[in-house]
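> Got a predicted structure here, sequence first:
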Amino acid sequence: MRMNIGKGLRKRIFSKVTLLLIVMITLLLVGCNSANVSLSDKKHLKAVFERQNKIYYYDEKKQEIKELGESGTLKELLSVSPNNEKIVYQIKTDDTSNKQPEIVVENLKNGKIEKMPINNEEFKIITDIKWINDERILIKSHINPSVLAYGVYDINTKKEVNFVKGNSLNTYNDGDKLLYTKEVKDTEGTKSYIYINDKLVYELENADEQIQETVLSEDFSKLAFKTFKFDITTGEVTDTIYLADFDKEYKLSNIKSTTVPQIIVGSLMLDNNQLYLSNHDVTYKVENDLFTETDLKKPELNTEKPKEERLAKFKEILAKQFPKEFVADYLELEELQIYNIKFF
C-alpha cells in the first residue's frame with residue numbers, strides 16, 4: 001500500500017534530517033579539532049606527566065591526580081599522541097639487563113594497556129619515543145657515540161614498518177620516508193652522506209665538513225642541509241648551509257651554499273620552499289648571503305602552557321597528592337621533578 005505524504009510533512013521531515021546532519025557534522029569537526037583548541041579556551045584541563053619514574057593523569061574538573069599503568073613498575077620516556085587519546089612509554093629496567101625493551105601503549109579513555117614487542121636487536125638502549133601521528137611512533141636507540149638506530153612502529157599491527165641507522169633524522173610521509181645522515185671513516189678522513197631510507201641521496205665532497213642536519217620541503221622539491229667545519233689551527237668553527245633542488249630519482253641538483261655568520265645560530269626550516277634558520281628567539285630568512293629577521297616561528301617552538309592561575313591550581317592538587325613532599329607554587333615544574341608533561 002502506498003502512503004501519500006503531504007508536502008508540509010515532507011518539508012518538516014527534510015528540515016529535521018538536515019538539522020540532524022548539521023549537528024552530526026559539527027560534533028565530528030569539534031572532535032577532530034579538540035586537540036587544536038587553545039588551553040585558555042578549555043573549561044577544564046587535563047594533563048599527563050612523568051614524575052619519579054611513574055606516570056600520572058591530572059583531571060582539573062575532578063581535582064585529582066592518579067597514577068597510570070601497572071603499579072609497581074618504573075616508567076620513563078613518556079609521550080602523548082597528537083589527539084591526546086593515547087600515551088606511550090618504556091618500562092624502566094636495570095641498565096645491566098639484556099632483556100629487550102618493553103614499550104607500552106595505554107589508552108587514556110578506556111585504560112586499555114597494550115605492550116609493543118620490540119624484537120630488533122639494535123634497540124637495546126632506547127633514548128627517546130615520539131609520536132609521528134596517532135597510529136605510529138618513532139623509537140630512537142643508542143648504538144655507539146656516532147650511530148643511532150631509528151624504528152617506526154604501527155601501534156595497531158605492532159609491526160616495525162621502517163628502520164635505519166644513522167644521525168640527524170627527520171620523518172616524512174608518516175614515517176614511510178626517513179631522511180638521515182651517515183658518517184664513514186676512511187684513510188682520507190670522515191665522509192658524510194645523506195640517505196632516504198636505504199637510498200643514497202648525496203655524498204659530501206669535502207671530508208673536512210660534517211653534516212649537522214637535513215630537511216626536505218613539503219612538496220619534496222627542495223632539500224637543505226647544514227654542515228660544520230673545525231679549523232684545528234685557529235680553533236674556528238664554520239657553519240655552511242646548502243640548498244638544492246630534489247627530484248623524484250632522489251638526486252640533488254643546482255646546489256647552492258651559504259656561509260652562516262658567526263653571530264647567527266639556529267636550525268633549518270623550509271616553508272613554502274623558502275629557506276629559514278630558526279632558534280628560540282628569532283627566525284632568519286636566508287636569501288643568498290643575506291640573513292633577514294622575520295616573525296616566523298617553528299611550530300614546535302609555539303608550545304602553549306596554561307596560565308599562571310591554572311598552573312597554581314595544578315600545583316595545589318599536586319601538593320595534596322604528595323602531602324609529605326614540599327610543593328610550592330613558585331617552584332618550576334622541573335623543580336617539582338615533573339617531566340614530559342602535556343596539558344590538553
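Looks like it came in fine.
> for the strand of greatest length in the chain, which positions count as buried?
In terms of residue count, the longest strand belonging to the chain (DSSP state E) is strand 159-172. Across strand 159-172, burial judged by 16 or more other CB atoms under 10 Å covers 160, 162-169, 171. Bear in mind the C-beta positions are built from the backbone N, C-alpha and C, glycine included.
> quick check, nearest of these to D239?
S168 (14.0 Å; CB to CB).
> I155 versus the closest one, what's the distance?
Distance, S168 to I155, by CB to CB, to the nearest Å: 25 Å.
> give me the beta-bridge partners of the residue nearest the centre of the chain?
Against the mean C-alpha coordinate of the chain, by CA atoms, centre = their mean, the closest residue is K130 at 5.2 Å. Beta-bridge pairing of K130 under DSSP bridges involves L138.
> Model confidence score at it, please.
At K130, the model reports a pLDDT of 97.
> just the one 3 residues further on next, same as before
We have a pLDDT of 97 for N133.
> Was I right to think D134 contacts I87?
No: with contact defined as CB atoms under 8 Å, D134 does not reach I87; the gap is 11.9 Å.
> which neighbours do the two share?
S81 (CB atoms under 8 Å, 6 or more residues apart in numbering).
> With neighbour numbers in mind, choose between these two.
Higher neighbour count among D134 and I87: I87, with 25 against 13, using other CB atoms under 10 Å.
> So which other helices or strands are in contact with the helix or strand harbouring the more buried one?
Assigned by DSSP states H and E, I87 falls within strand 86-91. Counting contacts by 3 or more CB pairs under 8 Å, 6 or more residues apart in numbering; DSSP states H and E, strand 86-91 is packed against strand 75-80, strand 102-107, strand 126-131.
> Just the mean pLDDT for that strand, thanks.
pLDDT averaged over strand 86-91 gives 97.
> for S141, helix, strand, or coil?
strand (DSSP: H, G, I helix; E, B strand; the rest coil).
> what's the neighbour count on it?
There are 20 residues near S141, going by other CB under 10 Å.
> how about it, what does it touch?
122-127, 148-151.
> mind checking pLDDT for it?
pLDDT for S141: 96.
> swap in the one 10 residues further on?
Reading off the per-residue confidence, G151 sits at a pLDDT of 97.
> any idea how far E102 is from it?
As judged by CB to CB, G151 and E102 stand 15 Å apart.
> Hmm, I139 and W131 touching each other?
No: assessed by CB under 8 Å, W131 is found out of contact with I139, at 10.9 Å.
> Comparing those two, which shows the higher neighbour count?
Using other CB under 10 Å as the criterion, W131 and I139 rank with I139 on top: 25 against 18.
> nearest spatial neighbour of that one, skipping sequence neighbours?
Counting by CB to CB, 6 or more residues apart in numbering, I139 lies nearest to G151, which is 4.7 Å off, once chain neighbours are set aside.
> who are the neighbours in contact with that neighbour?
Taking CB under 8 Å, 6+ apart, one finds 118, 120, 122-123, 138-139, 141, 160, 162-163 in contact with G151.
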